[in-house]
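Colleague: no sequence for this one, just the structure:
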């Protein structure tokens, strides 16, 4: 069979890499892809947001399955367009992807279906939002309602900072149209984890646990990013905790979406806060996490393609997933300035040496190729991902490879996975 993966980041590189290993797959296409992805799949110069042209391509090439990586095409309706043409595609339809596309919708949905989350209030006028903040005080969280590449969240610990967050999002339009409405939410303390599950709209099959590092600097300092690294598994999700997540969050969400007339098929990714055994939802995402996908797929023993097909065809209930006992860590190497304006076009050195490290896979998140040279082409550039017998071993493997890679202005955190070691001690 032929598979088309849509996107160009580290998540899509990992998906294409795993899909290409399937004995069922003869060819993998990726649109638009990247310099790194082109080494394992054939890249097509079609934007991930041009879903009519993508559907044309899928028809012309007789693509058997399309897998959507980023959230943007999902919220714009790519699945609806493909299904209208009778094309098989993995991901939720537009009305279901709204669970990520609008944080106001998601929070209101959680309230209606009694899915545990923090208190919240939404606003479409800045002055009203500022008055509310002065009434309730800090700490609190200010969020843009729409998609903001994982950066539309500002945690505020003092009043001037909170008022300024409203100004930046709603008046200065820091995140563009995503900030037409905002949410002001309860600040939740605890351990933040990522929980992924496949679903065909009925059955819900959990993936292995993982944990992301959102802040740009060590010790969770600095602004939020799309993610600076991740590891799997996390000790924060024990078997009783996972059972609670499934029973109180994931299954009720899928049932609630069906009751709303928005049947949800694809992968549902919940960002959760766990404290003293109590679990609350921070947000839902309508796609695989990035960078969580990289360590997850490195650990997955099962063939991914039959799982994706079972979701599309409504046969997920009979599926299981086998995982390596090893741990995996992904360290994101970013461009100078990220998550703000960042440098591009720097020559990357050391990729071959790093890739030669045993147990390492380097996923390209934002690269380009010029005259045979690999250059930086995004804010997040590489997702260096390694295996180890445990988290400590995976950290050592990954950072050995990271230290072999260089470009002017390269930035990465040096503490990815360290919190797992502290928890274990």
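Modeller: All right, it came through fine. Everything numeric in this text was worked out from a predicted model, so none of it was measured.

Colleague: tell me how far residue 351 lies from residue 324.
Modeller: From residue 351 across to residue 324, the span is 25 Å (C-beta to C-beta, to the nearest Å). C-beta coordinates here come from the backbone N, C-alpha and C atoms, glycine included.

Colleague: my error: substitute residue 388 in the last question.
Modeller: Distance of residue 388 to residue 324, given as C-beta to C-beta: 11 Å.

Colleague: again with residue 226
Modeller: Taking C-beta to C-beta, one finds residue 226 at 26 Å from residue 324.

Colleague: what about the two, which has more around it?
Modeller: Of the pair residue 226 and residue 324, residue 226 is the one with more neighbours under other C-beta atoms under 10 Å, namely 23 against 13.

Colleague: and that one, what element?
Modeller: Assigned by DSSP states H and E, residue 226 belongs to no helix or strand.

Colleague: same question for residue 311.
Modeller: Here residue 311 is covered by helix 304-313, with elements defined by DSSP H and E.

Colleague: figure out how far that helix is from the centre of its chain.
Modeller: Relative to its chain's centre, helix 304-313 lies at 19 Å (C-alpha atoms, centre = their mean, to the nearest Å).

Colleague: ok, stretch 41-61 next?
Modeller: Here stretch 41-61 is found 22 Å from its chain centre; the criterion is C-alpha atoms, centre = their mean.

Colleague: quick one: buried residues of whichever strand or helix holds residue 268?
Modeller: Assigned by DSSP H and E, residue 268 belongs to strand 266-275. Neighbour-count burial for strand 266-275 flags 266, 267, 268, 269, 270, 271, 272, 273, 274 (criterion: 16 or more other C-beta atoms under 10 Å).

Colleague: residues contacting whichever helix or strand comes after that strand, please?
Modeller: Sequence-wise, the next helix or strand downstream of strand 266-275 (DSSP H and E) is strand 278-285. The contact list for strand 278-285 (C-beta atoms under 8 Å, 6 or more residues apart in numbering) reads 71, 99-100, 103, 106, 110, 115-118, 188, 190, 192, 241, 244-245, 248-249, 253, 268-273.

Colleague: the strand holding residue 268 - contacts with which helices or strands?
Modeller: strand 191-199, helix 239-245, helix 251-259, strand 278-285 (3 or more C-beta pairs under 8 Å, 6 or more residues apart in numbering; DSSP states H and E).

Colleague: can you add distance to residue 355 and give the buried residues of strand 266-275 back as JSON lines?
Modeller: As requested, the buried residues of strand 266-275 are arranged in JSON lines below (distance: C-beta to C-beta, whole Å):
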{"residue": "266", "distance to residue 355": "31"}
{"residue": "267", "distance to residue 355": "27"}
{"residue": "268", "distance to residue 355": "32"}
{"residue": "269", "distance to residue 355": "28"}
{"residue": "270", "distance to residue 355": "33"}
{"residue": "271", "distance to residue 355": "31"}
{"residue": "272", "distance to residue 355": "33"}
{"residue": "273", "distance to residue 355": "36"}
{"residue": "274", "distance to residue 355": "35"}
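
Colleague: in TSV: those, plus pLDDT and distance to residue 30.
Modeller: Listed next are the buried residues of strand 266-275 as TSV, based on pLDDT from 0 to 100; distance: C-beta to C-beta, whole Å:
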residue	pLDDT	distance to residue 30
266	98	18
267	98	18
268	98	23
269	97	21
270	97	27
271	95	26
272	97	30
273	96	34
274	96	35
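
Colleague: okay, helices next: where are they in the stretch 1-150 of the chain?
Modeller: Along the stretch 1-150 of the chain, counting by DSSP state H, counting those that start in this stretch, helices occupy 10-20, 51-60, 71-76, 78-84, 94-101, 103-112, 126-136.

Colleague: ignore the last one, the stretch 301-425 of the chain
Modeller: Shown for the stretch 301-425 of the chain, the helices assigned by DSSP H, counting those that start in this stretch span residues 304-313, 351-355, 391-402, 418-424.

Colleague: residue 412: which of those is closest?
Modeller: Closest to residue 412 of these is helix 391-402 (C-beta to C-beta; 6.3 Å).

Colleague: how about residues contacting that closest one?
Modeller: The contact list for helix 391-402, computed with C-beta under 8 Å, 6+ apart, reads 231, 295, 326-331, 333, 354-355, 357-360, 362, 384-388, 412, 414, 416-418, 420-421, 424.

Colleague: which one of the helices and strands packed on strand 266-275 lies closest to residue 156?
Modeller: strand 278-285 (15.3 Å).

Colleague: could you tell me the angle between the closest one and strand 266-275?
Modeller: Interaxial angle, strand 278-285 versus strand 266-275 (axes from the mean of the first three to the mean of the last three C-alpha atoms, to 10 degrees): 150 degrees.

Colleague: buried stuff in strand 278-285?
Modeller: 279, 280, 281, 282, 283, 284, 285.

Colleague: ok, now stretch 354-364?
Modeller: Within stretch 354-364, the residues that qualify as buried are 354, 357, 359, 360, 361, 362, 363, 364, counting by 16+ other C-beta under 10 Å.

Colleague: give me whichever of the helices of the stretch 301-425 of the chain is most buried.
Modeller: Compared across those, helix 391-402 shows the largest average neighbour count, a mean of 22 (mean count of other C-beta atoms under 10 Å).
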